[in-house]
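>>> Pasting the sequence and the predicted coordinates here, then a few questions.
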Amino acid sequence: MSRESSSMAPNVIEALRRGNRIEAIKLLRGVSGKDLAHCKEQIDAYMKVQASALKARRQDSTRSAASASNEMPSIDDAMGNAVGLLRGALGELRDSRAQAERESHGRDLSAPDRKPNDMHGFINFLWWVLALILAGYAVRYLMS
């Protein structure tokens, strides 16, 4: 923040935010008691500093948006990640099934007393999730 902006009254800054440059000059002249030329120069300097600060913020946001788009994984990476996640989930399901069989004291869990859709429904759900993820990346790839 420059010396001009720190010494300006809040009502002067508010008038500038509303776009009333002439009103801001009048208010500054009334507050500071300085001549018209000095107040005009001070307002112009304040507006120049604010414009350069706004330009810098816009450039920073543009750079961060560009870097975010550059950091986007490729479709191959995304598909590999999705497949890896599904393999991990399926591995956990197999482990939990093996543990359930051990806890059942040797009973076969595929016997008729077991609900047939317990494991298969979840596995089908995971495959659908993978299919949707891959379809989303395919659409995104085709649209770019």
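Right, received. Where do you want to start?

>>> so how many other residues sit close to residue 137?
Residues contacting residue 137 under the criterion other CB atoms under 10 Å number 18. In this view, the C-beta of every residue, glycine as well, is placed from N, C-alpha and C.

>>> how much space between residue 43 and residue 8?
Using CB to CB, to the nearest Å, residue 43 is found at 8 Å from residue 8.

>>> which residues do the two both contact?
In terms of CB atoms under 8 Å, 6 or more residues apart in numbering, residue 43 and residue 8 are both contacted by the residues residue 28.

>>> Spell out, range by range, the helices that occur in this protein.
Counting by DSSP state H, the chain has helices at residues 3-7, 10-17, 21-32, 36-70, 75-103, 117-143.

>>> Can you give me the distance of residue 137 to residue 131?
Distance of residue 137 to residue 131, given as CB to CB: 11 Å.

>>> err, residue 42, not the other one
Distance, residue 42 to residue 131, using CB to CB: 64 Å.

>>> returning to that earlier point: got the helices of the chain as a markdown table, with mean pLDDT columns?
Formatted as a markdown table, the helices of the chain follow (pLDDT from 0 to 100):
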| stretch | mean pLDDT |
| --- | --- |
| helix 3-7 | 50 |
| helix 10-17 | 87 |
| helix 21-32 | 88 |
| helix 36-70 | 77 |
| helix 75-103 | 75 |
| helix 117-143 | 81 |
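
>>> Straight-line length of stretch 11-26, end to end?
Length of stretch 11-26, first residue to last, CA to CA, to the nearest Å: 11 Å.

>>> Now do that stretch: distance to the chain's middle.
35 Å (CA atoms, centre = their mean, to the nearest Å).

>>> Looking only at neighbour counts, state which of residue 42 and residue 131 leads.
For the pair residue 42 and residue 131, the greater number of neighbours falls to residue 42 (22 against 11), based on other CB under 10 Å.

>>> ok, that one touching residue 29?
No: with contact defined as CB atoms under 8 Å, residue 42 does not reach residue 29; the gap is 9.7 Å.

>>> between those two, what contacts are shared?
Here residue 42 and residue 29 have no joint contacts, going by CB under 8 Å, 6+ apart.

>>> List every C-alpha atom in stretch 137-144, with coordinates, as PDB.
Coordinates of each C-alpha in stretch 137-144 appear next as PDB, following Å, rounded to 0.1, in the frame of the first residue of the first chain:
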ATOM      1  CA  TYR A 137     -12.500 -38.600 -19.200                       C
ATOM      2  CA  ALA A 138     -13.200 -39.700 -22.800                       C
ATOM      3  CA  VAL A 139     -15.800 -37.000 -23.200                       C
ATOM      4  CA  ARG A 140     -13.400 -34.400 -21.700                       C
ATOM      5  CA  TYR A 141     -10.700 -35.600 -24.100                       C
ATOM      6  CA  LEU A 142     -13.000 -35.400 -27.100                       C
ATOM      7  CA  MET A 143     -14.200 -31.900 -26.100                       C
ATOM      8  CA  SER A 144     -10.700 -30.500 -25.700                       C
END
